[in-house]
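[1] how would this look folded up:
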Amino acid sequence: MSPARTTAFQILLRVDGGGYASDLLLAQPAGLDSRDAGLASEIVFGVLRYQAQLDYLIGYFSGRPSVRLDSEVRIALRMAIYQLRYLDRIPPHAAVTDSVDLVKRAGKRSAAGFVNAVLRKVTRDPVAWPDRATELSMPAWLLARWDRRFGTETASTIAQAFLRPPETFLRIPPGASANLNSPLAVEATEIPGCFRLEHAGDSGGFRQQDISSQWVVTLLDLEPGQTLLDLCAAPGNKTAQALEAGVRVIACDHSLRRLRALDGLACHRVVLDATQPLPFRTDFERILLDAPCSGTGTLGRNPEIKWRLREHDLGTFQARQIALLDRAVAQLAPGGRLVYSTCSLEEEENQAVVEQVLPRHAARLVSSGLRLPGLMAGDGFFAAVIT
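    This next block holds a predicted model:
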């Protein structure tokens, strides 16, 4: 039994139960060698990105809708079909045999013959997808929203971008580039200190941080000596980038466990719920509010989100975002600058939040921007600059 396939199966079962693939892959057994770890990651993310296509193919080759199958059987079939149709250099017999064995080990021995019979029918012949949402492996409701908001062509471009592994960007602080190791192949971007890693692998000890995340921090227009209030700081990438400017940072989050991700950063840390009155007696020259959101701008990186999110969830996110921005604007010093950002593409979480909050305060919108995957590098991000 392949350790890679065993690990991928276990992780996909846990994702099906509410876990997050990236976190689970990071916590995978230390004994897994790099080759097996790479294959496990490829299978996990590939299955999640192409899930709608794979479920259609299960029905196509079996004559039985995937929703009627036990989760263990459905996941084993998704894994095998992904390897057989989407990956090269995978021996077909290995993908089939291991998936049959995974079903047996999962206590579904009675389904082993069914799984084997279905997988023996799988070919690489073209298939006519039943609809555009299946072809793009997107929830129909979310694709329809993007069609209305961005137009069909742009919505398709975004969805197609989410079927590809995201590029890797590094944060290399100004002055540190002179210390780059020669084997590290990077390409400078339009954002100072942001470099694209040209080949997956070693990041040379530099922090991985998406280009869109780095863009958000540049909007703060930081200067040495200023004090920055970072209200939703964990896991700390934007905090670390802000510290490069010589500012004093007060990093906040609702969880002490999450704030421990900032260990080693030269900043003050405060555990608080920023939807409640803030405990500070002073106003701040700079405030960063990178608000919790639906994450629809990161579906290439976190593909499980698109299968969990429901349209009514956006209202729940918006209510929290409005409360957070209300507290943040109230703490902004006259002439100060606040950046409100999300990694969402949804208007309810972005412009609508700003439009609801600003009339309650003596504040105005300076500018706003939306980075769209497939049209711009990196994840999807919204940011609004408020003064």
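
[2] wait, what's in contact with the nearest residue to residue 313 once chain neighbours are set aside?
    Spatial nearest neighbour of residue 313, excluding adjacent residues (Cβ to Cβ, 6 or more residues apart in numbering): residue 294 at 6.4 Å. Any C-beta I mention is one placed from the backbone N, CA and C, and that applies to glycine too. With contact taken as Cβ atoms under 8 Å, 6 or more residues apart in numbering, residue 294 is in contact with 305, 309, 313, 314, 317, 344, 346, 349.

[3] Can you tell me which of the residues you listed are buried?
    Buried members of those, counted by 16 or more other Cβ atoms under 10 Å: 305, 309, 314, 317, 344, 346, 349.

[4] ok, back up a step: among the contacts of residue 294, which lie within helices?
    Among these, the ones falling in helices (DSSP state H) are 305, 313, 314, 317.

[5] Okay, the closest residue in space to the third one that isn't next to it in sequence and residue 88: tell me how far apart.
    So that's residue 314. Nearest residue to residue 314, sequence neighbours excluded (Cβ to Cβ, 6+ apart): residue 348, at 4.8 Å. Residue 348 sits 41 Å away from residue 88, going by Cβ to Cβ, to the nearest Å.

[6] same thing with residue 335?
    Separation of residue 335 from residue 88 (Cβ to Cβ): 58 Å.

[7] try residue 382
    Applying Cβ to Cβ to residue 382 and residue 88 gives a distance of 37 Å.

[8] Of these two, which one has the most company?
    residue 382 (26 against 5; other Cβ atoms under 10 Å).

[9] Show the pLDDT at the more buried one.
    On pLDDT, residue 382 comes in at 98.

[10] if we can go back for a sec, just the pLDDT for the residue nearest to residue 313.
    For residue 294, the model assigns a pLDDT of 98.

[11] Check the gap between it and residue 345 for me.
    According to Cβ to Cβ, residue 294 stands 9 Å off from residue 345.

[12] for stretch 370-382, which positions count as buried?
    Of the residues in stretch 370-382, 370, 371, 372, 373, 374, 376, 377, 378, 379, 380, 381, 382 count as buried by neighbour count, 16+ other Cβ under 10 Å.

[13] and what of stretch 98-110?
    For stretch 98-110, a neighbour-count test (16+ other Cβ under 10 Å) marks 98, 99, 100, 101, 102, 103, 104, 106, 108 as buried.

[14] Need those in JSON lines (columns: pLDDT, secondary structure and distance to residue 5).
    Below are the buried residues of stretch 98-110 laid out as JSON lines (pLDDT from 0 to 100; DSSP: H, G, I helix; E, B strand; the rest coil; distance: Cβ to Cβ, whole Å):
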{"residue": "98", "pLDDT": "96", "secondary structure": "helix", "distance to residue 5": "5"}
{"residue": "99", "pLDDT": "96", "secondary structure": "helix", "distance to residue 5": "7"}
{"residue": "100", "pLDDT": "96", "secondary structure": "helix", "distance to residue 5": "11"}
{"residue": "101", "pLDDT": "96", "secondary structure": "helix", "distance to residue 5": "9"}
{"residue": "102", "pLDDT": "96", "secondary structure": "helix", "distance to residue 5": "7"}
{"residue": "103", "pLDDT": "96", "secondary structure": "helix", "distance to residue 5": "12"}
{"residue": "104", "pLDDT": "96", "secondary structure": "helix", "distance to residue 5": "13"}
{"residue": "106", "pLDDT": "94", "secondary structure": "coil", "distance to residue 5": "12"}
{"residue": "108", "pLDDT": "93", "secondary structure": "coil", "distance to residue 5": "16"}
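
[15] Check the offset of stretch 338-356 from the chain's centre.
    17 Å (Cα atoms, centre = their mean, to the nearest Å).

[16] Sticking with the residue nearest to residue 92 when sequence neighbours are not counted, tell me its helix or strand.
    Distance criterion Cβ to Cβ, 6+ apart; nearest residue to residue 92, sequence neighbours excluded, is residue 84 at 5.9 Å. Using DSSP states H and E, the element containing residue 84 is helix 71-86.

[17] Please work out the average pLDDT along that helix.
    Helix 71-86 shows a mean pLDDT of 97.

[18] Name the surrounding residues that touch that helix.
    So helix 71-86 is in contact with 5, 8-9, 12-13, 16, 43, 46-47, 50-51, 54-55, 57-58, 61-62, 66, 69, 90, 92, 95-96, 98-100, 102-103, 106-108, 111, 114-115, 118-119, 122, 124, going by Cβ under 8 Å, 6+ apart.

[19] Could you turn the buried ones of these into a ChimeraX selection?
    To isolate the buried subset of the contacts of helix 71-86 in ChimeraX, counting by 16+ other Cβ under 10 Å, use the following:
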select :5,8,9,12,13,43,46,47,50,51,54,55,57,58,61,62,66,69,90,95,96,98,99,100,102,103,106,108,111,114,115,118,119,122
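
[20] sorry, back to before: so which of the buried ones among the contacts of residue 294 would you say is closest to residue 156?
    Nearest to residue 156 among the buried ones among the contacts of residue 294 is residue 346, at 17.6 Å by Cβ to Cβ.

[21] Isn't the closest one up against residue 305?
    No: look at residue 346 against residue 305 with Cβ atoms under 8 Å: they stay out of range, at 11.9 Å.

[22] Which residues are in contact with each of the two?
    Here residue 346 and residue 305 have 294, 296 as joint contacts, going by Cβ under 8 Å, 6+ apart.

[23] avg pLDDT for the longest strand along the chain?
    Looking across the chain with DSSP state E, the single longest strand is strand 332-342. Per-residue pLDDT over strand 332-342 has a mean of 97.

[24] What's the mean pLDDT across the helix or strand just after that strand?
    Under the assignment DSSP H and E, the closest C-terminal helix or strand after strand 332-342 is helix 351-357. Here helix 351-357 scores 98 as its mean pLDDT.

[25] Which secondary structure elements does helix 351-357 sit against?
    The helices and strands touching helix 351-357, judged by 3 or more Cβ pairs under 8 Å, 6 or more residues apart in numbering; DSSP states H and E, are helix 313-330, strand 365-371, strand 381-386.

[26] Need these in JSON lines (columns: distance to residue 171).
    Formatted as JSON lines, those follow (distance: least, Cβ to Cβ, whole Å):
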{"stretch": "helix 313-330", "distance to residue 171": "24"}
{"stretch": "strand 365-371", "distance to residue 171": "17"}
{"stretch": "strand 381-386", "distance to residue 171": "15"}
